[in-house]
Structure formats: C-alpha cells, structure tokens
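Peer 1: build me a model:
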Amino acid sequence: MVETTNISVEKIWKILETVTDPEVPVLSIIDLGIIRDVKSKRDEIEIFLTPTYSGCPATDAINMNIRMGLLENGFSKIKITQQLSPPWTTDWMTEKGKQKLKAYGIAPPHSKQIVCSPDSFQKEEAIQCPQCNSYSTRLISHFGSTACKALYQCNDCKEPFDYFKCH
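Peer 2: Numbering: from 1, shown residues only. Down below sits the predicted model:
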C-alpha cells in the first residue's frame, strides 16, 4: 500500500501519463490536456478532468482506466471530478500529443488557417494530409470515426484521413 500521509502529486501525474484515450490509444490523457488538476488530501487523491465533449462516450472508460492505473500503483481512495467549465479546447493538447496524432495518421488540430477555395470563394480550413503533408485536401464529412474528428481526403495522395477538429 502507498504511504497515505505523503502522497506525491508528481507520482500521480506520472501514472496519468500512462492512461491512454480509448478512442485514440496513441494519446495519453495528459497529451489530450483533459486533466485539469491533481490534488491529494490526507489519504485521498482527487483528479479534475474536463472531457473533450460533455457527452463524450469515452469519459467513463477514461475514468475507469484512471482508477485502474492508480489502484495498480497502490492508491485506493480516488475521487474523479468532472470539470465542465471552462470547456475543453484543442489548445490544451500538448505539442507532443499533436505530433503523435500525425504519426498515427490523424491530422492534428491547429489554429484555423483561412484559405479561399478557387471554386467557390468560400472560406475553408486548410488541413494538412498526415500521409504526404499536402494542403490540397477536401472535407468528406464533418464527422469521422468519432464526433471529435472530421473525415478528409487528400487530393494528391488520394488517402482518406481523420482530422482532429479544433474547438
């Protein structure tokens, strides 16, 4: 059992780095930026978590994986508090996490770059293909494999890919 009078918050953060997102297993919950704070009071740990979406179906699995990771490391009194305000934003993702997404084949979120479409003169977001790095891409569907991603296709390499939407 862990010494309950001197719980190291740094140790808890290190454990949380090993907990992955069930929908994008290449990312840890730290990479996602959904852990807002970690507190220890006497023999209890409290984790403050902001889900990517208020109705994100992965939240229950993430909470369970947090508990399992902490239990496996000897912590038994665990409280997970959902913090919905302020809402999560892709700005909270780590740069390391964004690089992991791209290596995994998902275009990472970025600050919106506005370009004019030569066909319609409408403003569109320029999304870089994670396969060939081309910006010549097109939106196929506003929703990809999960609600937090959109489906795109590269006009150069023709590969479809998910884009982790900015919000």
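Peer 1: and Asp162, its phi and psi?
Peer 2: When read as degrees, to the nearest 10, the backbone of Asp162 gives phi -80, psi 150.
Peer 1: my guess is it contacts Gly144, does it?
Peer 2: Yes: the pair formed by Asp162 and Gly144 meets the contact definition of Cβ atoms under 8 Å, at 4.1 Å. All C-beta spots, glycine's among them, are computed from the backbone N, C-alpha and C.
Peer 1: identify the contacts common to these two.
Peer 2: The overlap between the contact sets of Asp162 and Gly144 (Cβ atoms under 8 Å, 6 or more residues apart in numbering) consists of 150-151.
Peer 1: where along this structure do the helices fall?
Peer 2: 9-16, 29-32, 59-72, 95-104 (DSSP state H).
Peer 1: give me the most central residue, this structure.
Peer 2: What sits nearest the mean C-alpha location of the chain, by Cα atoms, centre = their mean, is Leu32, with 3.1 Å.
Peer 1: could you show me where the strands are in the chain, in order?
Peer 2: 35-41, 44-49, 78-82, 106-107, 114-116, 123-125, 137-141, 149-154, 160-164 (DSSP state E).
Peer 1: need the helix or strand of this structure with the lowest average pLDDT.
Peer 2: In the chain, no helix or strand scores lower on mean pLDDT, DSSP states H and E than strand 114-116, which sits at a mean of 41.
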